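Trainee: Here is my input, please return the structure:
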Amino acid sequence: MDEDLSHRYAAVKAALEAAAKAAGRTPDAAALVAVSKTHGPEAIRPVIAAGQRIFGENRVQEAKAKWPSLRAETPDLELRLIGPLQSNKAGEAVALFDVIETVDREKIAAALAAEMERQGRRLRLYVQVNTGEEPQKAGIAPGEALAFVERCRTVHGLAIEGLMCIPPAEDDPAPHFQLLARLARQAGLERLSMGMSGDFETAVAHGATSVRVGSAIFGQREAYGG
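Mentor: Modelled structure (predicted):
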């Protein structure tokens, strides 16, 4: 298993660097976020051993069950929350994560601001934009994104680092990535979290500064229970 994971990880890293070069960017222009949701420590450790340091999780409780011990073993890991955040989990999220990519409503912005002040931590934050305006999906509507970023800054005192999106599965992702990049420019933001296992090369071509890749590294999801 370790050898398979290492080979898949190396293949993703090579494809990411090749996509950056093809887009006229430096090989390290887009950081790789290894999405380890539903996978236990035994699957994560080989990827850490291969050199990966940035990981993404979808659920606070799952991350809380497995990452404290992994971070004790490898202290320089960076952990990102890439799934929806409930306001009642804000305290745990601020304590556990380094980056939260799913700020998408006033209640979450206020809760994160309060918790960061209380805990004395300053996380890096992204606003999630629902570029496809899908009712079942988290994220702020594109037409409201610029005003929301400004409120995060002025009302809640949050330093927003960038924007994140998850295009509709059935759509060509390129127009969604173009839209996110345009919104980021208008908001004065330089970071774009976009692109997953099936479309990260397209995302890199449209300016992604980080891509979130899970199945291409870890294979099929498991039912991790903590």
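Trainee: Tell me who's in contact with V204.
Mentor: By Cβ atoms under 8 Å, 6 or more residues apart in numbering, the contact set of V204 is 16, 19-20, 23, 25, 29-30, 195, 211. Placement of C-beta: from N, CA and C, glycine included.
Trainee: and if you look at V99?
Mentor: 78-81, 123-126, 161.
Trainee: Try it again at 6 Å.
Mentor: 80, 124 (Cβ atoms under 6 Å, 6 or more residues apart in numbering).
Trainee: For A72, state which of the contacts of V204 is nearest.
Mentor: Closest approach to A72 among the contacts of V204 (Cβ to Cβ): V211, at 27.3 Å.
Trainee: residues near the closest one, how many?
Mentor: 25 (other Cβ atoms under 10 Å).
Trainee: A strand includes it, no?
Mentor: Yes - the assignment for V211 is a strand, going by DSSP: H, G, I helix; E, B strand; the rest coil.
Trainee: quick one: it and A30 touch, right?
Mentor: Yes - using Cβ atoms under 6 Å, V211 is in contact with A30, at 5.5 Å.
Trainee: returning to what we had before: go through the contacts of V204 and flag which are in strands.
Mentor: V211 (DSSP state E).
Trainee: Top of the contacts of V204 by number of neighbours, please.
Mentor: Within the contacts of V204, neighbour counts (other Cβ under 10 Å) peak at G195, which reaches 28 neighbours.
Trainee: Tell me how far the residue nearest to it when sequence neighbours are not counted lies from P167.
Mentor: Ranked by Cβ to Cβ, 6 or more residues apart in numbering and with sequence neighbours excluded, the top spatial neighbour of G195 is A203, at 2.5 Å. A203 sits 9 Å away from P167, taking Cβ to Cβ, to the nearest Å as the criterion.
Trainee: just A187 next, same as before
Mentor: 19 Å.
Trainee: Can you pick out the residue with more neighbours from these two?
Mentor: It is P167, of A187 and P167, that has more neighbours when counted by other Cβ under 10 Å, with 25 against 19.
Trainee: What does that one show for phi and psi?
Mentor: P167 adopts backbone torsions of phi -60, psi 160, taken as degrees, to the nearest 10.
Trainee: Settle this for me: it is touching A174, isn't it.
Mentor: No - counting by Cβ under 6 Å, P167 stays clear of A174, with 8.8 Å between them.
Trainee: Now the residue positioned nearest the centre of the chain: closest residue in space, sequence neighbours ignored.
Mentor: Nearest to the centroid of the C-alpha atoms of the chain, with distances taken as Cα atoms, centre = their mean, sits I82, at 4.4 Å. Computed as Cβ to Cβ, 6+ apart, the closest residue to I82 that is not its neighbour in sequence is G56, at 4.2 Å.
Trainee: what's the answer for A31, then?
Mentor: S210 (4.3 Å).
Trainee: can you pull the pLDDT of the one you found?
Mentor: pLDDT for S210: 98.
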